[in-house]
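Engineer: just to be clear, the model below is a prediction. Sequence and coordinates:
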Amino acid sequence: MIQPDLPLLREPPFPWADATIARPAQDIPDLSTDPSPERIDTLFATIREGRVGGCFWGAPGAVPAGAVIVRTTDAIAGPPLPAGPVVRIADTAQTDPWSAIPQAAAVVAHGDDPWTAIATIAGVPVHLLSAGRFGTPGDDAPRLRIAVATDLLRASYRDPFTGEDSDVDASVATLALWRQVLDANRTIVAAVGFSWWKRSEIARFLWSPARRLRFLRSERRALTHAARTGGAVAVWPSRISPAMVADAARRGVPLVRVEDGFVRSVGLGSNFVPPSSVTVDRRGIHYDPSRSSDLEAMLAERDFSSALLARADRLRDTILAAGISKYGQDAPADAPARRPDGVRRVLVPGQVEDDMSVLLGGGGLASNLELLARVRALEPDAEIWFRPHPDVDAGHRTGTVRDDDALQHVDRVVRGGGMATLLDQVDAVHVLTSLTGFEALLRGREVVCHGLPFYAGWGLTRDLAPVPPRRGRTRTLEALIAAVLIAYPRYLDPVTGLPCPPEMLIRRMSDGSTFARDGWITRARRVQGWLLKGWR
């Protein structure tokens, strides 16, 4: 049964948060003040592009091209149906209307049916069985467009992240983001290799109303379940075996590689702080230059719209103004702001020496001490700073360089605070594969890459390692930001747990409404790190 008061733009049934987007207007639309044709065109085009409205998270509908969709099981009296094969989809069916309507020849429905509105937005002819808020039998196409647009523009919208008032354009953008995430998650049926303390967050990143995600310890069981259901397996790349990769290829089971995002969280992952951002890659993974990844393909092949590039530029300004880096908002670093006149200042960020990005993208170099020696040889007259990796300094990961050994090659070892404040005080950064190089590019610093990180090879860095021909395209900084921070990763609002755009996570980090999960597990992990560091 159709609910006449149900909003056309409505939210998926996220089980852990109130994601309400819209509440319908209660009074009858006043068509004496029609929206302009230009406003209708723009609004409808945005909705078509996002494929939102109605139960867009529902099951795909099998409708042949040129079919007539009939939204009732009852016999239809009156004029004959339009020509074409008839497909009846009951009004109680939880079917994604966008999987069926665009290829249909016509839709036969009631005036209160969201499929009437979506067909109108999609430009598919509509034949109405009864009057409702989206039209009356006998209405022509312009009249239907006005009725649908008026309904959309008069509804009351809500920002699901803050609870504040919103508008139809922002709501469509949020729903389009959710659609993109849910569509990508639909086929992921199992997950393996994920630490127990981050599974609740990963379950939200990979949630789909179409199925329950199964976290399994056994690689064999995960592949068997996926092969039986025709689905894919999400994996944490560093925690699965080469045998699983080979077995998945043999059985035709897709592996979806999940990794921490580039603006991760407030607090270290090594302290069991779950991520607020991840990357989900079906080709490979961004830190492995031996094969293509979704990110690399995006940068090599995709042309970004002027609107997305402008958004990327604004996002860069917001990140810089807030002092945000991978682990949130920076505190002041232990480093002098004043430099000797005419002296070039260079920063070398340390890395975890057994990190997958180092092992796969380091070009055979995995030693922090050797990297420091190389940088001194290339920059004999520079003032060089070395910043140990925070996970290494916390005692959780390998890569420790004794200060006395580091000072054989550098002028200063800096600790404390975050990376952003250090980058504001240097001229250049030398990296192996560290994300610090990307953060330095955001701040207009020169970046020298000794390995092959994801941001190398696009004409923005000085590359000392061989660059694969796949990266032969020169990109602007705005295009790099659009791919790396907007199009490629996923974000969760740390307050509501809902999928969100990067701007919302940056806002949470800036205003302090997000926080490190500093429970007993995190505190115990810190103590363990101190003990391990002392032992080493």
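Structural biologist: Thanks, I have the structure now.

Engineer: next, Trp236: phi, psi?
Structural biologist: Dihedral angles of Trp236 (phi, psi; degrees, to the nearest 10) stand at phi -90, psi 110.

Engineer: cool, Val495 as well?
Structural biologist: phi -90, psi -50.

Engineer: what's the burial count for it?
Structural biologist: Applying other C-beta atoms under 10 Å, we find 15 residues neighbouring Val495. For glycine as for every other residue, the C-beta is placed from the backbone atoms N, C-alpha and C.

Engineer: cool, and Asp411?
Structural biologist: Using other C-beta under 10 Å, Asp411 is surrounded by 15 other residues.

Engineer: ok, it - contacts?
Structural biologist: Glu383, Ile384, Trp385 (C-beta atoms under 8 Å, 6 or more residues apart in numbering).

Engineer: among those, which ones are in strands?
Structural biologist: Of the contacts of Asp411, the ones assigned to strands by DSSP state E are Glu383, Ile384, Trp385.

Engineer: just the buried residues out of the residues you listed, in PyMOL syntax.
Structural biologist: Of the ones in strands among the contacts of Asp411, the buried ones go into a single PyMOL selection, burial set by 16 or more other C-beta atoms under 10 Å:
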select buried, resi 383+384+385
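
Engineer: which of the ones in strands among the contacts of Asp411 lies closest to Leu175?
Structural biologist: Using C-beta to C-beta, Trp385 comes nearest to Leu175 of the ones in strands among the contacts of Asp411, at 45.9 Å.

Engineer: tell me the secondary structure at Ser238.
Structural biologist: helix (DSSP: H, G, I helix; E, B strand; the rest coil).

Engineer: so it touches Val358, yeah?
Structural biologist: No - Ser238 is not in contact with Val358 according to C-beta atoms under 8 Å; the separation is 11.3 Å.

Engineer: now Leu315: which helix or strand?
Structural biologist: Applying DSSP states H and E as the criterion places Leu315 in helix 306-322.

Engineer: packing partners of that helix?
Structural biologist: When contacts are defined as 3 or more C-beta pairs under 8 Å, 6 or more residues apart in numbering; DSSP states H and E, helix 306-322 packs onto helix 436-442, helix 477-481, helix 502-511.

Engineer: what bridges to Val448?
Structural biologist: Note on Val448: beta-bridge partners His430, Arg462, judged by DSSP bridges.

Engineer: and it, what does it touch?
Structural biologist: By C-beta under 8 Å, 6+ apart, the residues touching Val448 are Leu378, Ala428, Val429, His430, Val431, Thr461, Arg462, Leu464.

Engineer: could you flag which of these are buried?
Structural biologist: Buried, going by 16+ other C-beta under 10 Å: Ala428, Val429, His430, Val431, Thr461, Leu464, out of the contacts of Val448.

Engineer: closest to Val148 out of the residues you listed?
Structural biologist: Thr461 (49.0 Å).

Engineer: from Arg387, how far out is the residue nearest to that closest one when sequence neighbours are not counted?
Structural biologist: With C-beta to C-beta, 6 or more residues apart in numbering as the criterion, Thr461 has its nearest non-adjacent residue at 4.5 Å, and that residue is Val447. Relative to Arg387, Val447 is positioned 15 Å away (C-beta to C-beta, to the nearest Å).

Engineer: the more surrounded of the two?
Structural biologist: Arg387 (25 against 22).

Engineer: what residues are up against the more buried one?
Structural biologist: Contacts of Arg387 (C-beta under 8 Å, 6+ apart): Leu347, Val348, Pro349, Gly350, Val413, Val414, Arg415, Met419, Leu422.

Engineer: so who does Ala420 touch?
Structural biologist: Leu320, Gly323, Ile324, Ser325, Asp330, Glu439, Arg443.

Engineer: as TSV, those with pLDDT would be great.
Structural biologist: Shown next, in TSV, are the contacts of Ala420 (pLDDT from 0 to 100):
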residue	pLDDT
Leu320	93
Gly323	86
Ile324	81
Ser325	72
Asp330	48
Glu439	95
Arg443	96
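
Engineer: kindly write the ChimeraX command that selects the buried subset of the residues you listed.
Structural biologist: The following ChimeraX line selects those of the contacts of Ala420 that are buried, judged by 16+ other C-beta under 10 Å:
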select :320,323,324,325,330,439
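
Engineer: and the contacts of Ala420, which is closest to Ser195?
Structural biologist: Ser325 (22.9 Å).

Engineer: surely the closest one touches Leu422?
Structural biologist: No - between Ser325 and Leu422 there is no contact under C-beta under 8 Å: 9.4 Å.

Engineer: which among the ones in strands among the contacts of Asp411 gets closest to Asp139?
Structural biologist: Among the ones in strands among the contacts of Asp411, and counting by C-beta to C-beta, the member closest to Asp139 is Trp385, at 70.2 Å.

Engineer: right, and the closest one touches Val346 too?
Structural biologist: Yes - in this structure Trp385 lies within contact range of Val346 using C-beta under 8 Å: 7.0 Å.

Engineer: what is in contact with those two at once?
Structural biologist: Val426.

Engineer: strands of the stretch 101-250 of the chain, start to end?
Structural biologist: 106-109, 126-128, 156-158, 165-166, 188-192, 214-216, 232-235 (DSSP state E, counting those that start in this stretch).

Engineer: let's have the ones you listed in JSON lines, adding distance to Ala226 and mean neighbour count.
Structural biologist: Putting the strands of the stretch 101-250 of the chain into JSON lines (distance: least, C-beta to C-beta, whole Å; neighbours: other C-beta atoms under 10 Å) gives the following:
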{"stretch": "strand 106-109", "distance to Ala226": "36", "mean neighbour count": "25"}
{"stretch": "strand 126-128", "distance to Ala226": "40", "mean neighbour count": "21"}
{"stretch": "strand 156-158", "distance to Ala226": "37", "mean neighbour count": "18"}
{"stretch": "strand 165-166", "distance to Ala226": "38", "mean neighbour count": "14"}
{"stretch": "strand 188-192", "distance to Ala226": "5", "mean neighbour count": "24"}
{"stretch": "strand 214-216", "distance to Ala226": "9", "mean neighbour count": "17"}
{"stretch": "strand 232-235", "distance to Ala226": "5", "mean neighbour count": "24"}
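
Engineer: and the gap between the residue nearest to Thr461 and Leu441?
Structural biologist: Distance, Val447 to Leu441, by C-beta to C-beta: 6 Å.

Engineer: torsion angles phi and psi at the closest residue to Val280 other than its chain neighbours?
Structural biologist: Nearest in space to Val280, with sequence neighbours left out and distances taken as C-beta to C-beta, 6+ apart, is Val258 at 5.5 Å. Torsion angles at Val258 (phi, psi; degrees, to the nearest 10) stand at phi -110, psi 140.

Engineer: what about Val258, neighbour count?
Structural biologist: 24.

Engineer: with Thr400 instead?
Structural biologist: Counted with other C-beta under 10 Å, Thr400 comes out at 17.

Engineer: may I ask you to confirm that Glu296 is in contact with Asp288?
Structural biologist: No - the criterion here is C-beta under 8 Å, and Glu296 misses it with Asp288 at 9.6 Å.

Engineer: for the two, indicate the residue with more neighbours.
Structural biologist: Glu296 (25 against 20).

Engineer: elements contacting the one helix or strand that one maps to?
Structural biologist: If you go by DSSP H and E, Glu296 is part of helix 294-301. Taking 3+ C-beta pairs under 8 Å, 6+ apart as contact, the helices and strands that helix 294-301 lies on are strand 277-281.

Engineer: could you dump the strand it packs on to CSV, C-alpha only?
Structural biologist: Extracted in CSV, the C-alpha atoms of strand 277-281 (Å, rounded to 0.1, in the frame of the first residue of the first chain):
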residue,chain,number,x,y,z
SER,A,277,38.0,7.1,7.0
VAL,A,278,38.9,4.1,4.8
THR,A,279,39.6,3.3,1.2
VAL,A,280,37.7,0.5,-0.5
ASP,A,281,39.5,-0.7,-3.7
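
Engineer: what helices or strands is that strand leaning on?
Structural biologist: Counting by 3+ C-beta pairs under 8 Å, 6+ apart, the packing neighbours recorded for strand 277-281 are helix 199-205, strand 255-260, helix 294-301, strand 489-492.
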